[in-house]
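> Predicted model and sequence follow; I will ask about them next.
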Amino acid sequence: MLASLKIGKRVKIIDTSGTDRLVRRRLLDLGITEGSEVCIKCKMPFGGPFMLESCGQCVGIRRREAQTIKVEEL
Amino acid sequence: MDIALLGNPNTGKTSMFNNLTGSYEYVGNWSGVTVEKKVGLLKKGTASLIDLPGVYSLNPLSKDEGVVTHFLLHDSFDRMLNIVDASQLERNLHLTIQLLEFGRPLIIALNMVDVASKRGIEIDVEKLASQLGTSVVPVIARTGRGCDELTEFVTTIESPSITSFTVSYGEEMERAIERLARMLEGKVNHSVRWLTLQLLEGNHYVKAYLQSFIGKEELEVFIHDTSKAVLSNVEEKTIDHFIYRKRQAAIGALLRNSTYTEQENKQPLSEKIDAVITNKWLGLPIFFVVMYFLFMLTFDWLGFPLSDMLDGIISGPITNGLESFLSLIGASSFIHALVLDGVVAGVGGVLVFVPQIFILFFFISLLEDSGYMARVALVMDRLMEHVGMNGKAFIPMMIGFGCNVPGVMAARTIETPRERMLTVLLTPLMSCSARLPVYALFVGAFFVSHKALIVLSLYILGIVVALILAKVFSTTILKGETSFFVIELPPYRIPQGKALWKSTWEKGKGFVKKAGTFIFAGSVLIWLLSYAGPQGLNVEMDDSFLAMIGGLFAPLLAPLGFGTWQAGASLLTGFLAKEAIISTMNIIYFVPDEASLQGLLINSFSPVAAYSFMVFILLYIPCLATVATIKKETGSYKWTGFSMGYALLIAYLLSFLIYQIGTLLGF
């Protein structure tokens, strides 16, 4: 799962089917979907959101959503 | 000729609009600066340009995105100008493909080619253009490079050909397009290909549009049949994903032939800054330090001395000049009083605060332009989630510090209706710049040694009350499970001096203009009410109509510490515009300048009553313009009434507690 990754490690997204429909759609708009390479830039404290980087652009998503995104190591 | 400006959020559409039209619109570095369409005349005056909200796709999620789809379906225009961010070409071309499918003449402005080349991406513009079958013009909207050529090109090119470029979605899809075309029997002017694809992607606007021609059930059957047929022998599970994949493949092929990427491992500056600003532990403290500096500069270090200077000029040379002029032309004592006690006191009292308001707007513009706003949303999300909102709602609130009206409108970018309603209802609690003169006056009189701190406490109180109420509302009247937070964090940009000044001026202009019109007229009226009474003209102020009106409220306000008719009357005018409170007080207390008003106030307020009064003003009601905006945004009298009612109640309660407890404690 994306949420359990260490900061700075690059991975590939393999499954987003468990993610909330709206979140998945918005991530798709931003070009983040199955097959995209991402890395976590930082995690906000107290269970706060994550900052992801993909193709040079940064996106903030909640930890809860990150827990639903399956990834594999490159 | 009408040209529609379309593109992804944060690609510089508004910068481009300003550059091409020579007019000014609000620019910021976060998604959703433009929430409705704006029309400007191109510099040469031959065509008008329509600025639309930024969208990633024509299938909208939020209300501001819906503006674009609605525009394409229902408004008429001649050609489209699609702004594409060269550094995020792959993502941007998804929208371009949808626009090409829409089938109107399209010209592409390839923006931020400088940013792209810094990131090692070189684009062969001609190859891209020939593959897409459209014209592509490279520009840098921020500096204006290439904009003149673009204007020339967009307006003079005879008729840009409609491209023959199509994405192949397979035979099943082609058959579906033909079937929908037969169902529509030529009743629509829009491209059936585009309508079919948007419908299948789940576009509600297109669906509603098609339902005006085709029965609801027939349309559902069509969607169902097509999805089944298309998905029967592919691996994708949903039709929208299938369409996305096909487009993605087409874009991939396109880019392989027209872009060259140098692999670079250098960490961009933006990410280095983010390592500090959105740092796990530093994020929140940095935000508070930024806010603290903003307030110290506005109220203490820079703003106060400047306002004092202006006050000296207005009450000294200007008043004296007017006085001698009036005596010279032999004006009657009525006119004398009207000009000096009414207009100069009322309008001058507000104008004195222009420097402080401009400093505040300057910093708000700086925060917006740099890209910090989106980071604030990220840093704040956890806190906002606890109260049933999301981090994005913090942006409208920050805008609300400048003026509540654009703040309420900025709530459109929030995707879920429940969170949007909460944001609309609570943004008016943010202390806008029009409330600033009231604080400035009172802290100058009562809290000289802690000016900025007292004002900061009011701003924070506004935020805290908003957060508590968000929690209360979201667990009672606005219940709902869905909370949604995905935010694009644009790269930091160094704000450009000229754009920054323009942005500050545009925001501050409204304040000056209001002083010259609304406050001017209001001052004359208030002065007349204070000059006339049941016994005739030139009565004692305490026997005037104004005293009678204000006196109605005085008993109600007594438990809050300011049960005078003067306070009652100024609060009443404060509903029209918050800065009118100052005008009214200046007229009532019959003083030429700020300093002597402060002297008088000390006699009628105790410090704790003064604080209670400021808290009341912070919360008691959204001003008239904000109320009108809330009505427009919610479309409901009930919610508009609620936004006024709860504010009044909360303000009364808090001021009551502050005054009563403060007095008990012996302040």
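On my side now, so go ahead. As the structure is a computational prediction, the values presented were derived from the model and not from experiment.
> on contacts alone, who are the packing partners of the longest helix seen in chain B?
Longest helix in chain B, counting residues (DSSP state H): helix B:637-664. Judged by 3 or more Cβ pairs under 8 Å, 6 or more residues apart in numbering or on different chains; DSSP states H and E, the packing partners of helix B:637-664 are helix B:417-426, helix B:451-475, helix B:607-619, helix B:624-634. (Each C-beta comes from the backbone N, C-alpha and C, glycine too.)
> Which one, of those, ends up nearest to chain A?
When these are compared by Cβ to the nearest Cβ, helix B:417-426 sits nearest chain A, at 11.6 Å.
> hmm, the closest one in reach of chain A?
No. Counting by Cβ under 8 Å from any Cβ of the partner chain, chain A has no neighbours in helix B:417-426; the shortest distance is 11.6 Å.
> buried stuff in the longest helix of chain B?
B:639-640, B:642-644, B:646-647, B:650-652, B:654-655, B:658-659, B:662 (16 or more other Cβ atoms under 10 Å in any protein chain shown).
> Show me which of these is closest to chain A.
Of the buried residues of helix B:637-664, the one sitting nearest to chain A (Cβ to the nearest Cβ) turns out to be B:W639, at 23.4 Å.
> Contact partners for the closest one?
Contact analysis of B:W639 by Cβ atoms under 8 Å, 6 or more residues apart in numbering or on different chains lists B:M421, B:V424, B:L425, B:I630.
> now swap in B:R193 and tell me
B:R193 touches B:E101, B:G103, B:T166, B:I177, counting by Cβ under 8 Å, 6+ apart.
> Which helix or strand contains the third one?
Here B:T166 sits in a region with no helix or strand, counting by DSSP states H and E.
> so who does it touch?
By Cβ under 8 Å, 6+ apart, B:T166 lies in contact with B:L100, B:E101, B:R193.
> I'd like the distance between B:G462 and B:Y659.
Shown here: B:G462 relative to B:Y659, a distance of 18 Å by Cβ to Cβ, to the nearest Å.
> what does B:E488 give?
Per Cβ to Cβ, B:E488 is found 46 Å from B:Y659.
> Next: B:G522.
From B:G522 to B:Y659 the distance is 28 Å (Cβ to Cβ).
> Once you drop chain neighbours, what's closest to the residue of the stretch 301-450 of chain B found nearest chain A?
Closest residue of the stretch 301-450 of chain B to chain A, Cβ to the nearest Cβ: B:R382 (3.6 Å). Ranked by Cβ to Cβ, 6 or more residues apart in numbering or on different chains and with sequence neighbours excluded, the top spatial neighbour of B:R382 is A:G48, at 3.6 Å.
> With B:V539 instead?
Closest to B:V539 by Cβ to Cβ, 6+ apart is B:G533, at 3.8 Å.
> gap between the one you found and B:S544?
4 Å.
> cool, and B:F71?
Remark: distance between B:F71 and B:S544 (Cβ to Cβ) = 53 Å.
> How is the residue of chain A most remote from its centre assigned, secondary-structure-wise?
What lies farthest from the middle of chain A is A:F46; by Cα atoms, centre = their mean that is 18.2 Å. Under DSSP: H, G, I helix; E, B strand; the rest coil, the three-state class of A:F46 is coil.
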